[in-house]
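**Q** Below are the sequence and a predicted model for it; my questions follow.
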Amino acid sequence: MTCATKGRHEGIVKLLLERADINPNTADTRSGQTPLSCALEGGHQGILKLLLEREDIDFGTADPKYGRTLLLWAAEGGYKSVVKLTLKREDINLNTADTLYGRTPLMCAAGGGHEGIVKLLLEREDINPHQLSPTSGIALELAVSRGHTRVVRLLSRYKPSHPILTDNKKAPEHSPPEPSTCPSPPRPLPPATWPLLPIAIPFFVTTSSIFLFFFLPLIGPS
C-alpha cells in the first residue's frame with residue numbers, strides 16, 4: 001500500500017483498504033514509512049482522507065526510519081485538520097522528537113511557518129516549547145532562522161497557563177514566628193566625647209586622692 005500511496009494511486013489504495021487482510025499501519029521495508037506518513041509527506045489529500053476514515057489507524061507509533069509520528073508529519077506539512085484530529089487523542093505525546101533531526105511537532109510547525117498549528121500546539125498544557133533539538137535549537141530559534149515573524153511573535157509571547165512548581169520551589173505552609181521584642185542595649189557614648197576621656201580620668205583620680213589625704217583625718221574619730 002505504501003507504493004500505491006507514493007504513486008498517488010488513490011483507486012488502488014481504496015481497493016486495498018477494502019480487504020480484511022490489509023493492515024494500513026504496515027511500514028514499507030525499504031523506506032520504513034507507513035502509507036499515512038507517505039500521504040502526509042507527499043500531500044496526497046485524497047489518499048489521506050481515505051486513511052483517516054479508518055478506525056484502526058495508528059496515530060502514535062513513529063515510523064522506524066525517521067522516528068516521526070503522524071503528528072510530526074502533519075505539523076511539518078501544515079495539515080491543520082489532521083493536527084486537530086490527532087490532538088483529540090489521549091495517547092499522543094506532543095513532545096516526541098524524531099530521530100533524524102531531534103525535532104518535535106512544534107519545531108516542525110514553527111520551521112514551516114504554520115501559525116495556526118503553532119497556536120493549536122501552544123494551547124496544550126503538556127507542550128514544551130523550550131525542548132532543545134541538537135541540530136536546530138528550540139522552536140523559537142528555528143522560526144527566527146526561517147524568518148517567520150508571526151510565529152516568532154507567538155512563541156516569544158508564550159506563557160504557560162498552568163505553571164508547575166518543583167518541590168524545592170514550593171512556598172512553606174506556615175510562616176516562621178516573628179522574633180519577640182527585646183530591650184535595646186545601652187547606648188554607647190557619642191564619639192564627640194571620646195577626646196575628653198584622657199583628661200577627665202586623671203582629673204577624677206587626682207581629686208579623689210586629695211580629698212582622702214586632707215579631709216578624711218578631719219572627719220575620722222577623735
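**A** Noted; the coordinates are in hand.

**Q** For burial, what's the neighbour tally of residue 45?
**A** Neighbour count of residue 45, defined by other Cβ atoms under 10 Å: 11. All C-beta atoms are positioned from the backbone trio N, CA, C, and that covers glycine.

**Q** Check the gap between it and residue 52 for me.
**A** To residue 52, residue 45 is 11 Å away according to Cβ to Cβ, to the nearest Å.

**Q** How about residue 65?
**A** Applying Cβ to Cβ, the value for residue 65 to residue 52 is 22 Å.

**Q** what do you get for residue 20?
**A** Residue 20 sits 19 Å away from residue 52, going by Cβ to Cβ.

**Q** quick one, domains of this protein?
**A** Segmentation of the chain into domains, based on automatic domain parsing, reads 1-58, 83-162.

**Q** Just the buried positions in stretch 113-124, please.
**A** Across stretch 113-124, burial judged by 16 or more other Cβ atoms under 10 Å covers 113, 114, 115, 117, 118, 120, 121, 122.

**Q** Which member of those residues is positioned nearest residue 34?
**A** The closest of the buried residues of stretch 113-124 to residue 34 turns out to be residue 117 (Cβ to Cβ; 20.7 Å).

**Q** and that closest one, what helix or strand is that in?
**A** Taking DSSP states H and E as the criterion, residue 117 maps to helix 115-122.

**Q** same for that helix, what does it pack against?
**A** If you count contacts as 3 or more Cβ pairs under 8 Å, 6 or more residues apart in numbering; DSSP states H and E, helix 115-122 packs onto helix 70-77, helix 80-87, helix 105-112, helix 149-156.

**Q** so which of those comes closest to residue 138?
**A** When those are ranked by proximity to residue 138, the top entry is helix 105-112, at 7.5 Å, counting by Cβ to Cβ.

**Q** tell me the mean pLDDT for the closest one?
**A** In this model, helix 105-112 has a mean pLDDT of 96.

**Q** and that helix, C-alpha only, in CSV?
**A** Taking C-alpha atoms only, helix 105-112 is exported to CSV below (Å, rounded to 0.1, in the frame of the first residue of the first chain):
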residue,chain,number,x,y,z
PRO,A,105,6.0,18.7,16.1
LEU,A,106,6.1,22.3,17.4
MET,A,107,9.6,22.8,16.0
CYS,A,108,8.4,21.5,12.6
ALA,A,109,5.4,23.7,12.6
ALA,A,110,7.5,26.7,13.6
GLY,A,111,10.1,26.0,11.0
GLY,A,112,7.4,25.7,8.3
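
**Q** Just the buried residues of it, please?
**A** Across helix 105-112, burial judged by 16+ other Cβ under 10 Å covers 105, 106, 107, 108, 109, 110, 111, 112.

**Q** what's the offset of it from the middle of its chain?
**A** Centroid displacement of helix 105-112 relative to its chain, using Cα atoms, centre = their mean, to the nearest Å, is 16 Å.

**Q** Next one: residue 22 from residue 2, what distance?
**A** From residue 22 to residue 2 the distance is 12 Å (Cβ to Cβ).

**Q** neighbour-wise, which of the two wins?
**A** The neighbour count for residue 22 versus residue 2, taken as other Cβ under 10 Å, is higher for residue 2 (22 against 13).
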